[in-house]
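J.: Here is my input; please provide its structure:
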Amino acid sequence: MSFAASAPLSCLRAIVSAAVVLALAGCAAPRVASLQQHWPPGLSSEARIGGVPFFPQDDYQCGPAALAMTAAAAGAQVTPEQLVSQVYLPGRQGSLQLEMLAAGRRLGLVTHRIRPDLEALLQEVAAGNPVVVLQNLSFQFAPVWHYAVAIGFDRGSNTIILHSGRTENMEMSLHAFERTWERSERWAMLAMPPGRLPASADASAYAASIVALERSSPEAARKAYAAALDRWPLDPVLQLGAGNTAYAQRDFEAAARAYGKLVATHPGLADGWNNLAQALLDQGRRSEALAAIDKAVALGGPRAGSYRQLRQEIQARR
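T.: Purely as a prediction, here's the structure:
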């Protein structure tokens, strides 16, 4: 179930928050116990991200506050007040996940949902990436939804450190955190500068996050594709995206290079040949464009008609 379209995400007042968290702290979370017994190789036993600003939330406005903290840590010049109109829904006294993700993209950041498991969250924090988490600090029959920012953890004391509500650097038992986080199906997001990569992402998931950024900030998306290709140089979606964002900025030479790398590593991708042909044509390289579009037409596929149309356009050029 996704709360993005239906759940009223209201942030509780700080005094209620403390009481509910204390009530939940005694509950054991099986996943935390398993993680403690089988600590992931390479994951530090403690971490703390410095320099994450703290914005105490107004009642019910934890979404703008949490996003502003994370975005400011990523270098964006933003305050919670500037985000209220973008993410806060007064009628529901809260913020929805889709608005949180979209608002971060409008700041030129890559907003990325991490895997819904505690190990991924701790990996991101250990890598220096603050994580926005969604918790239900009450019970399923009377939910109280709350956004906080994870900025640290300590295996020895079994705690996670959060900027939460009106409390800076709040320490919370990992058992209690897991219980409250689980009720949101462990929803968590990053707001990353385009030149930085998540620690826990795979190529396809992160590529989808950059694709979403293209609509609001092609220039930032282009930087994000370049950074992602350093880690996953052969991923076809990233290669295609690098070409598309260069083309959108009318850098046809860079676009042709990106598409050329794409078809060199994925010669069966007809869209790659088609896009290469277009980028070459826009540089006046007609014969090379014709050779490329012939490849796309030969491969065919659901967009074969558009390939043939481009071929006719290239043939008509003199």
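J.: Specify which residues of the stretch 51-200 of the chain, grouped into ranges, have pLDDT under the cut-off.
T.: Along the stretch 51-200 of the chain, segments meeting pLDDT under 70 span 59-60, 89-94, 140.
J.: middle-most residue in the protein, spatially?
T.: Centroid-nearest residue in the chain, with CA atoms, centre = their mean: H112, separated by 0.9 Å.
J.: can I assume that residue is in contact with P193?
T.: No. H112 is not in contact with P193 according to CB atoms under 8 Å; the separation is 11.8 Å. Quick note: C-beta positions are derived from backbone N, CA and C, even for glycine.
J.: Stretch 127-143: end-to-end distance?
T.: 31 Å (CA to CA, to the nearest Å).
J.: hang on, the earlier thing: mind listing what the residue nearest to the centre of the chain touches?
T.: The neighbours of H112, taking CB atoms under 8 Å, 6 or more residues apart in numbering as the test, are M189, L190, M192, P198, A201, A205, Y206, S209.
J.: Pairing partners for it in the sheet, please.
T.: Beta bridges link H112 to L190, judged by DSSP bridges.
J.: R215: neighbour count?
T.: Number of residues near R215 (other CB atoms under 10 Å) recorded here: 11.
J.: Now for the nearest residue to L310 once chain neighbours are set aside: which residues touch it?
T.: Distance criterion CB to CB, 6 or more residues apart in numbering; nearest residue to L310, sequence neighbours excluded, is I293 at 5.5 Å. The neighbourhood of I293, defined by CB under 8 Å, 6+ apart, consists of W273, N274, A277, Y307, L310, R311, I314.
J.: can you redo those residues as JSON lines with pLDDT and secondary structure?
T.: Listed next are the contacts of I293 as JSON lines, based on pLDDT from 0 to 100; DSSP: H, G, I helix; E, B strand; the rest coil:
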{"residue": "W273", "pLDDT": "98", "secondary structure": "helix"}
{"residue": "N274", "pLDDT": "98", "secondary structure": "helix"}
{"residue": "A277", "pLDDT": "98", "secondary structure": "helix"}
{"residue": "Y307", "pLDDT": "98", "secondary structure": "helix"}
{"residue": "L310", "pLDDT": "98", "secondary structure": "helix"}
{"residue": "R311", "pLDDT": "97", "secondary structure": "helix"}
{"residue": "I314", "pLDDT": "97", "secondary structure": "helix"}
